[in-house]
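Chemist: Following is a predicted model, sequence given first.
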Amino acid sequence: MTRTPAAPGLLPAAPGEPPDPEAAISIRGLVKRYGDRAAVDGLDLDIRRGEIFALLGPNGAGKTTTVEICEGYRDRDAGEVRVLGVDPARGGRRWKAELGIVLQSGAGDSQLSVRELLSAQASYYADPRDPDEVLELVGLTEKAGARGRTLSGGQRRRLDVALGIVGRPRLLFLDEPTTGFDPEARRQFWSLIRSLRELGTTMLLTTHYLDEAEELADRVGVLAHGQLAEVAVPTAIGGRGTAPAVVSWTEDGARRTAETATPTAFVAELAARFPGEVPDLAVSRPTLEDVYLKMIGDRS
Ligand SMILES: Nc1ncnc2c1ncn2[C@@H]1O[C@H](COP(=O)(O)OP(=O)(O)OP(=O)(O)O)[C@@H](O)[C@H]1O
């Protein structure tokens, strides 16, 4: 099979070819059945080192199953999987130490202080990050002495992330990381994730927040019925990059809209009809949420 040249990190997974040893995660023909139902049904996926990859999909699509197989927590029925070059079914302690896992359920109920929890976690690793630096990175320095159970929901999630990264993982799994965050906390969390990317951490993110995927991910993959419907950069998925723009404005007291492939020319013509500003002018393209809902709808 020939591959089309693409920018690094954009090559599609190649069904039928062996797993890519250079990839952070390489999956070929993955199948996982529960009874006679396939939760994952022949999945091919490569996640490049250093990228943030968002795995999207409706409830029950197979995201958690896929991620837990990659983490070594679930077995598989068929297919090949390599995570940092190792089959997760046979991953030992050294391999596990290179993974960071931020689960949905927090670790915040402890009687230990935030710093004690982090120091305890750091002690499991050969080359951990300095717990105080991690607290700074996640914005919890002021809570270092607080007991886990006294933290707010958003602070607990930050603590979860801190626990996930203190071992200096090369690959970080983030499962619904910002559920329950207020808008400001989400923005702060996003900037934390970007800082981790700059430090070279590969991240696999599962989220139901499409704006989050759009903000953070280098590529997104849409999973439906245990198969990948599409993998692309967020701006191109579902034909977004070439979809017509929708121009809307107010004229004669009514809201007008028009679809056009040449919005610049359209707006120029429109501008010529009005003496000043075009009232309430807006130009939009389909959002990631628009195309995602269409893709999911087409497959249900
Ligand atoms: N331990 C299990 N036993 C039986 N069926 C399971 C088990 N775990 C998952 N399933 C089924 O496999 C399918 C995929 O589940 P999975 O948890 O991977 O989906 P998901 O994409 O992570 O969903 P969500 O967005 O709701 O977390 C679902 O139909 C689910 O009911």
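Modeler: Sure, I can see it.
Chemist: got the contact list for the helix or strand bottoming out on mean pLDDT in the chain?
Modeler: One helix or strand of the chain scores below all others by mean pLDDT, DSSP states H and E: helix 288-299, with a mean of 84. By Cβ atoms under 8 Å, 6 or more residues apart in numbering, the list of residues contacting helix 288-299 from outside reads 56-58, 210-211, 213-214, 220, 222, 224-225, 229-230, 234, 237-240, 243. Yep, even glycine has a C-beta here, placed from its N, CA and C like the rest.
Chemist: For PyMOL, write the select line for the buried members of those.
Modeler: Buried subset of the contacts of helix 288-299, written as a PyMOL selection, criterion 16 or more other Cβ atoms under 10 Å:
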select buried, resi 56+57+58+210+213+214+220+222+224+225+229+230+234+237+238+240
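Chemist: Just the contacts of helix 288-299: which are in helices?
Modeler: Among the contacts of helix 288-299, the members falling in helices (DSSP state H) are Leu210, Asp211, Ala213, Glu214.
Chemist: how about the residues you listed in CSV, adding pLDDT and distance to the ligand?
Modeler: Listed next are those as CSV, based on pLDDT from 0 to 100; distance: Cβ to the nearest ligand atom, whole Å:
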residue, pLDDT, distance to the ligand
Leu210, 91, 13
Asp211, 90, 17
Ala213, 94, 13
Glu214, 92, 18
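Chemist: Which two of those have the greatest separation?
Modeler: Maximum pairwise distance among the ones in helices among the contacts of helix 288-299 (Cβ to Cβ): 7.4 Å, between Asp211 and Ala213.
Chemist: which ones are touching Val246?
Modeler: Thr257, Ala258, Glu259, Val283, Ser284, Arg285.
Chemist: Equivalent analysis for Arg82, please.
Modeler: Per Cβ under 8 Å, 6+ apart, neighbours of Arg82: Pro19, Asp20, Pro21, Ala23, Ile25, Ser26, Ile27.
Chemist: Can the least confident helix or strand of the chain be said to contact the ligand?
Modeler: No: Helix 288-299 stays out of contact with the ligand when judged by Cβ under 6 Å from any ligand atom, the minimum separation being 11.6 Å.
Chemist: Show me the helices in the stretch 101-250 of the chain, by range?
Modeler: In the stretch 101-250 of the chain, the segments counted as helices under DSSP state H, counting those that start in this stretch are 114-122, 131-138, 153-165, 183-198, 210-216.
Chemist: looking at those, which is buried most?
Modeler: Highest mean neighbour count among the helices of the stretch 101-250 of the chain (mean count of other Cβ atoms under 10 Å): helix 153-165, with a mean of 22.
Chemist: outside of that one, which residues touch it?
Modeler: With contact meaning Cβ under 8 Å, 6+ apart, helix 153-165 is reached by 100-103, 106-108, 114, 117-118, 121, 129, 134-135, 137-140, 143, 148, 151, 172-174, 177-182, 185, 189, 192, 196, 201.
Chemist: Quick check, Ile52 in contact with Thr207.
Modeler: No: under the criterion of Cβ atoms under 8 Å, Ile52 is not in contact with Thr207, lying 10.9 Å apart.
Chemist: follow-up on the earlier one: how far away from the center of its chain is the least confident helix or strand of the chain?
Modeler: 17 Å (Cα atoms, centre = their mean, to the nearest Å).
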